[in-house]
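J.: generate a structure from the sequence data that follows.
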Amino acid sequence: MDSLDLFAQPHPDQARLQALRELLHRYAQQYYVLDAPTVPDAEYDRLFQELQALERMHPGWIAPGSPTQRVGGKPLEQFVAVRHAVPMLSIRTETDTEASGALNFDNRIRKELALTESDSPVEYVAEPKFDGLAMSLRYEHGVLVQAATRGDGETGEDVTQNIRTIGQVPLQIEAASAGAAAHFPAVPAVLEVRGEVYMRRDDFEALNERQRQRIAAGEKGEKTFVNPRNAAAGAVRQLDPAIAAQRPLSFFAYGLGEITPPELGGPAFVTHYAMLQTLKFWGFPVSALVDIACGAPELIAYHQRIGSLRDQLGFDIDGVVYKVNSLALQRQLGFVTREPRWAVAHKYPAQEELTTVLGIDVQVGRTGKLTPVAKLAPVFVGGVTVTNATLHNEDEARRKDVRVGDTVVVRRAGDVIPEVVSVIADKRQPDATVFTMPRMCPVCGSAAVREEGEADYRCTGGLFCSAQRKQAILHFAQRRAVEVEGLGEKLVDQLVEAGIVQTLPDLYRLGLMALAALDRMADKSAHNLMSALQASKQTTLPRFLFGLGIRHVGEATAKALARHFGNLDAIMQASTEQLTSVADVGPIVALSIRTFFDQPHNREVVEQLRACGVVWEEGDALAPEATRPLAGKTFVLTGTLPTLSRDQARDLLEAAGAKVAGSVSKKTDYLVAGAEAGSKLEKALALGVAVIDEAGLQSLLTDDASMPLAQHNSQSPQGVAIDPDTTHREA
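T.: Numbers count the residues shown, from 1 in each chain. Below is the predicted model of the structure:
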């Protein structure tokens, strides 16, 4: 009876099942989203049990959007990686916690928009900055199909089963009524809702009380949580959804990711505020504290008002967020690096407490930075128990005059990193000694140097220092360096911690047996990694140089060095004077390069990599940039080219002496446009900028006799970049 034919026939159980689902969805929204329940819990439970009974009788009718599917599925062995269709970008933080922070942001926006004092104030949306975990919810045809964490912004983890346990998250978006359709758009075929998963303070206290009872009862492996955010993070990343369901989580929506179709039109998507109201109409919880603010005075008033309510809220916040309300202006303002120009997070002053300095250690970071760290008598501040606090650098430690045994004021800077604010001088012990930064790396013994104009000392043993080992490997293996596909952070952690890989050449000495012995490393994965390592041996000189992780040597500098000198030996032997003759290489960068190659262990690593078969095409130095055919010309790339990736086209242009910019302006000489070109093409046409296709680009490049096109193609990285103007991005 549970065949598909049954759906074409009237059946009383089917009608009752559908009615129950609709009732329970409505009651759940009233309870979780609107905070206005209309039926007692007992009535909800009775209807829920009736639905469960019907679905047991007719298992073929169970749907992913059913209220019974909030908790289900077997425990996972591990989380699956999810590539975000639209990156989950970070928001710039305004460190000035006073009123001037809002004023700074408004001034920047008005300057970017070329507004004068006589122009109207900019309209913003202001909202609390929730202290939780960013989450992306993907709906297809109105049904929740995936939930993913932010991760690194590009790739997160699939936590769908755990997010299903959150009552505020709709499992299925109900269709709009005919009357409402005039004011709100229909739910798109693909809808990604961005928001924050958090734990309410009362739920957190109740959870910790249960944990304390379990600990008292002798249950092993139980612990209390230090703050709501940590508890929420632990619940989201719990492999067993049944356990996650026991840890109450909540959700606020604040933006969108991917939408298909991308342009829904209508008034609902003219402003950010209207978009939030649409999400609320679709059944997503939107904070009641979200408000519209016109100009800096209203932003300041909002910051002060929410700050005064901070301790009374039912959840933790660490600031407020301002966003330009007009979506058209958001698109006009665009992004800088990986942050939207049209949004900022405005923090509140951090909380402070007194404690005692038990000692001062020096930690070596993943990039070689030496940081003095005060070891503290444990103190609860900013929601966590703090035992370490940064002193930032030698100058800061001396300025504050922090010594062992001192009583100090500790603050969680930005509610994240604990720091020592000041010393209570009248409590100082007579034998306290002044801190001095060591001139040798405490981990590997290499020289610790402080560059001119820099506040920090850094270890010079980049490819040798064990503290920097993981970072060095990850940097070397990334896509824009030699690119070892599949060699991610977790695998590097295993290889380093097991002692299998200690330096970069060890990567190319890996064997299948060593890989297969790693936890959760299947034979296929081991073979794939071996193949990726073999493929990475064929690289280019710029990629190899960039992969070495020399301080101040980014992709552009690596390309400039390769073009100028032609081969690695010439670069390694170049004096600082010769290095500064390279375009964009100043004295500081030249000294950094010279210092790197003056370290015997760094040169040894390079020679061992060569001995392991890492090769690239070398040649004579290219002609000076001024003599190259496209010198002085500025290009912008947009859309998808037929045969060249974005990186390949950029390499070709830079080798010909051109500058490649990220946005179109009056100074742009050419726009190279491919398929699905976005707003850059419209702007170029409006400004009268010359627009060419790939064939036109190749025609310009044929004059570059110093490096034929075929050679460029063979040396360029693979893959096609996505034009940021063709997708809607949400911070």
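J.: what's the weakest-modelled helix or strand in this protein?
T.: One helix or strand of the chain scores below all others by mean pLDDT, DSSP states H and E: helix 709-715, with a mean of 34.
J.: correct me, but F204 touches R229?
T.: No - the pair F204 and R229 fails to qualify as a contact (CB atoms under 8 Å) at a distance of 9.3 Å. Glycine gets a C-beta too; all of them are placed from N, C-alpha and C.
J.: list the buried residues in stretch 368-380.
T.: Within stretch 368-380, the residues that qualify as buried by neighbour count (16 or more other CB atoms under 10 Å) are G368, K369, L370, T371, P372, V373, A374, L376, V379.
J.: need the residues you listed in CSV (columns: pLDDT).
T.: Shown next, in CSV, are the buried residues of stretch 368-380 (pLDDT from 0 to 100):
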residue, pLDDT
G368, 88
K369, 90
L370, 93
T371, 93
P372, 94
V373, 94
A374, 94
L376, 95
V379, 88
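J.: just say helix, strand or coil for the most centrally placed residue in the chain.
T.: Centroid-nearest residue in the chain: G153, 3.1 Å away (criterion: CA atoms, centre = their mean). When classified by DSSP: H, G, I helix; E, B strand; the rest coil, G153 comes out as coil.
J.: distance of it from H84?
T.: 7 Å (CB to CB, to the nearest Å).
J.: ditto for G334
T.: 19 Å.
J.: and T271, how many neighbours does it have?
T.: By the criterion of other CB atoms under 10 Å, T271 has 20 neighbours.
J.: hey, what's it bridged with?
T.: S326 (DSSP bridges).
J.: residues contacting it?
T.: E123, V125, N325, S326, L327 (CB atoms under 8 Å, 6 or more residues apart in numbering).
J.: count the neighbours of T433 for me.
T.: T433 is flanked by 9 other residues according to other CB under 10 Å.
J.: how would you label it: helix, strand or coil?
T.: Going by three-state DSSP: T433 is coil.
J.: and it, what does it touch?
T.: Shown in contact with T433 (CB under 8 Å, 6+ apart): R403, V404.
J.: and the gap between it and G359?
T.: Taking CB to CB, one finds T433 at 12 Å from G359.
J.: which neighbours do those two share?
T.: V404.
J.: before we move on, the earlier item: neighbour count winner among G334 and H84?
T.: Taking neighbours as other CB under 10 Å, G334 and H84 compare with H84 leading, 22 against 16.
J.: need the pLDDT of that one.
T.: Predicted confidence (pLDDT) for H84: 91.
J.: for it, what are phi and psi?
T.: The phi/psi pair for H84 (degrees, to the nearest 10) reads phi -70, psi 130.
J.: for the remainder of this discussion, apply numbering that starts at 854.
T.: That works, and once the first residue is 854, the last one we named lands at H937.
J.: distance of it from N1381?
T.: Taking CB to CB, one finds H937 at 23 Å from N1381.
J.: also Y1361?
T.: Counting by CB to CB - Y1361 and N1381 are separated by 16 Å.
J.: neighbour count: the two, which is higher?
T.: For the pair Y1361 and N1381, the greater number of neighbours falls to Y1361 (18 against 14), based on other CB under 10 Å.
J.: if I look at E976, what pLDDT would I see?
T.: 97.
J.: residues contacting it?
T.: E976 sits next to T1124, I1145, A1146, C1147, V1177, N1178, S1179 when contact means CB under 8 Å, 6+ apart.
J.: kindly give a single PyMOL line that selects the buried subset of the residues you listed.
T.: Buried members of the contacts of E976, defined by 16+ other CB under 10 Å, are picked up in PyMOL with:
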select buried, resi 1124+1146+1177+1178+1179
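J.: gap between the residue lying closest to A1308 once chain neighbours are set aside and V1435?
T.: Closest residue in space to A1308, ignoring its immediate chain neighbours: N1246 at 4.6 Å, by CB to CB, 6 or more residues apart in numbering. Using CB to CB, we find N1246 at a distance of 30 Å from V1435.
J.: how about S953?
T.: 41 Å.
J.: and if you look at S971?
T.: Counting by CB to CB - S971 and V1435 are separated by 48 Å.
J.: the more surrounded of the two?
T.: V1435 (21 against 5).
J.: ok but the more buried one is inside a helix, no?
T.: No - secondary structure assignment (three-state DSSP) places V1435 in coil, not in a helix.
J.: so it makes contact with A1413?
T.: Yes - using CB under 8 Å, V1435 is in contact with A1413, at 5.3 Å.
J.: V1226 bridge partners, please.
T.: Under the criterion used (DSSP bridges), V1226 bridges to D1214, T1243.
J.: from F1288, how far out is it?
T.: Counting by CB to CB - V1226 and F1288 are separated by 11 Å.
J.: joint contacts of those two?
T.: With CB under 8 Å, 6+ apart as the test, V1226 and F1288 both reach I1213, L1244.
J.: quick one, phi/psi of T1392?
T.: Dihedral angles (degrees, to the nearest 10) for T1392: phi -130, psi -160.
J.: burial of the closest residue to P974 other than its chain neighbours, as a residue count?
T.: Excluding its sequence neighbours, the residue lying closest to P974 (CB to CB, 6+ apart) is G1148, at 3.0 Å. G1148: 16 surrounding residues under other CB under 10 Å.
J.: S1445 and E1304 touch, don't they?
T.: Yes - using CB under 8 Å, S1445 makes contact with E1304 at a distance of 7.0 Å.
J.: these two: which has the busier surroundings?
T.: With neighbours defined as other CB under 10 Å, S1445 and E1304 compare such that S1445 has more, 21 against 17.
J.: low-confidence ranges in the stretch 1104-1253 of the chain?
T.: 1115-1121, 1190, 1202-1204, 1235-1236 (pLDDT under 70).
J.: show me where it has its helices.
T.: Assigned by DSSP state H, counting those that start in this stretch, the helices in the stretch 1104-1253 of the chain fall at 1125-1134, 1148-1162, 1180-1186, 1247-1253.
J.: then the stretch 1304-1453 of the chain?
T.: 1322-1330, 1342-1350, 1365-1369, 1376-1389, 1394-1400, 1408-1418, 1421-1426, 1429-1433, 1440-1451, 1453-1464.
J.: same list, these, but as a markdown table with distance to T1260 please.
T.: Output for the helices of the stretch 1304-1453 of the chain, formatted as a markdown table (distance: least, CB to CB, whole Å):
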| stretch | distance to T1260 |
| --- | --- |
| helix 1322-1330 | 36 |
| helix 1342-1350 | 38 |
| helix 1365-1369 | 51 |
| helix 1376-1389 | 52 |
| helix 1394-1400 | 47 |
| helix 1408-1418 | 46 |
| helix 1421-1426 | 51 |
| helix 1429-1433 | 47 |
| helix 1440-1451 | 39 |
| helix 1453-1464 | 43 |
